[in-house]
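# Need the 3D shape of this:
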Amino acid sequence: MRRKTVLKCLAILLIMTLPSVLCSSITEAKENGQVVVYTALDQVYSEPVLKRFEKKTGIKVKAIYDIEATKTIGLVNRIIAEKSRPRCDVFWNNEVVNTIRLKNKGLLEPYASPQARYFPELFRDEDGYWCGFAARARVIVYNTRLLRGRQKPRSIKDFLDRRWKNQTCMALPLFGTTATQATALFEVWGHERALAFFRNLKKNGVDLVDGNSVVRDRVADGTYMWGLTDTDDVYSGTKRGLPIDMLLPDQDGIGTLLIPNTVSLIRNAPHASAAKKLIDFLLSEESEKMLARSGSGQIPLRPGLKPVSGIPSLEEIRPMKVDNEDLARLMEDVLSLLDKELM
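Residues are numbered from 1 along each chain as shown. So this is what the prediction gives:
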């Protein structure tokens with residue numbers, strides 16, 4: 001009799017708890033089945049990495065890519081607009097400052113990925129809000145035919161040299177890595193000197209074009225002798241046989257700006273469990289190797305991993321010393337100011 005009573009009680013308990021267990025399992029399965037990532041890294045380079053993640057995990061990735069001219073800023077504004085009802089799970093940014101801006105707006109969730117410990121402290125948030133990987137450097141790209149046997153530029157200050165008047169270009173410094181560099185100059189040089197620099201760009205005929213790849217192409221086709229872009233743009237161009245090469249600017253001065261990709265978890269992400277798995281994968285050695293060996297030639301940040309031939313290693317670069325948290329606080333005001341000055 002006692003045994004029947006116990007069994008009956010267990011049966012009732014099972015009936016009462018089964019719906020919640022099933023509901024939890026269904027929810028977890030649904031959450032783990034897909035992940036939404038917004039990525040500012042060019043689709044041609046980021047998509048193979050995301051496809052590899054899909055193949056390894058079975059988790060479907062829905063990726064939203066930005067366009068070249070509004071790189072990063074467009075996705076950041078979208079995340080801000082969606083804050084009351086997030087649609088994005090993971091933000092894969094191609095720089096760091098706008099990631100910190102999202103953190104400061106309370107739109108990121110800390111996540112201590114087990115992979116993060118392999119990266120230098122300089123490239124990760126101490127509270128786990130973001131982690132950097134696979135960096136690029138801001139470099140001078142020049143036409144090897146036009147500058148053969150001629151003195152080459154060595155500093156971004158050479159944009160103001162009259163001998164280069166109407167012969168240079170850079171991306172409009174309101175978006176992407178060029179916006180990051182513009183903000184860095186305001187921090188390193190101070191407000192007055194940096195503002196004077198950007199005002200004098202126009203006076204010396206520096207063309208402000210729609211993106212870093214456009215800079216590369218205009219230099220390669222001889223429209224301009226040299227410009228400012230990212231290592232990945234130059235590397236991809238040289239692989240295609242374009243008559244271009246790169247120089248690290250300001251190695252005897254303020255240094256060369258080094259910009260990592262960053263990955264972060266969106267607060268209240270709809271698919272948080274799957275998002276963390278994607279973050280772990282993006283920070284893995286496999287992912288950094290893929291990005292280094294891809295057409296973008298990203299610079300690995302994990303100690304012991306080397307870049308491909310033609311790309312400088314971390315040890316070869318004297319980096320510009322900047323405080324990323326300060327850049328995040330400065331950026332909105334700097335870009336607003338430059339928008340008025342340059343547009």
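# Mean confidence (pLDDT) on the longest strand anywhere in the chain, please.
Counting by DSSP state E, the longest strand found in the chain is strand 131-143. Across strand 131-143, pLDDT averages out at 97.
# Repeat that for stretch 245-259.
Rounded mean pLDDT across stretch 245-259 is 97.
# Using PDB, list the CA coordinates for that stretch.
Presented in PDB, the C-alpha positions along stretch 245-259 are these (Å, rounded to 0.1, in the frame of the first residue of the first chain):
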ATOM      1  CA  ASP A 245      52.500  48.600 -51.500                       C
ATOM      2  CA  MET A 246      52.200  49.800 -47.900                       C
ATOM      3  CA  LEU A 247      54.200  51.700 -45.300                       C
ATOM      4  CA  LEU A 248      53.800  52.000 -41.600                       C
ATOM      5  CA  PRO A 249      53.300  55.700 -40.900                       C
ATOM      6  CA  ASP A 250      54.800  57.700 -38.100                       C
ATOM      7  CA  GLN A 251      57.100  54.900 -36.800                       C
ATOM      8  CA  ASP A 252      59.500  57.700 -35.600                       C
ATOM      9  CA  GLY A 253      56.700  59.800 -34.200                       C
ATOM     10  CA  ILE A 254      53.200  59.100 -32.700                       C
ATOM     11  CA  GLY A 255      53.200  55.500 -34.100                       C
ATOM     12  CA  THR A 256      50.900  53.500 -36.300                       C
ATOM     13  CA  LEU A 257      47.300  53.000 -35.200                       C
ATOM     14  CA  LEU A 258      46.500  49.300 -34.600                       C
ATOM     15  CA  ILE A 259      42.800  48.400 -34.700                       C
END
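# List the contacts of that stretch.
Residues external to stretch 245-259 that are found in contact with it (Cβ atoms under 8 Å, 6 or more residues apart in numbering): 94-96, 135-142, 144, 152-157, 177, 180-181, 184, 188-189, 228, 230-231, 234-235, 238, 299, 312, 314, 316-322. (Glycine included, C-beta is placed from N, CA and C.)
# what's the answer for stretch 39-48, then?
50, 63-66, 68, 71-72, 75, 91-95, 176, 232, 261, 290-291, 294-296, 298.
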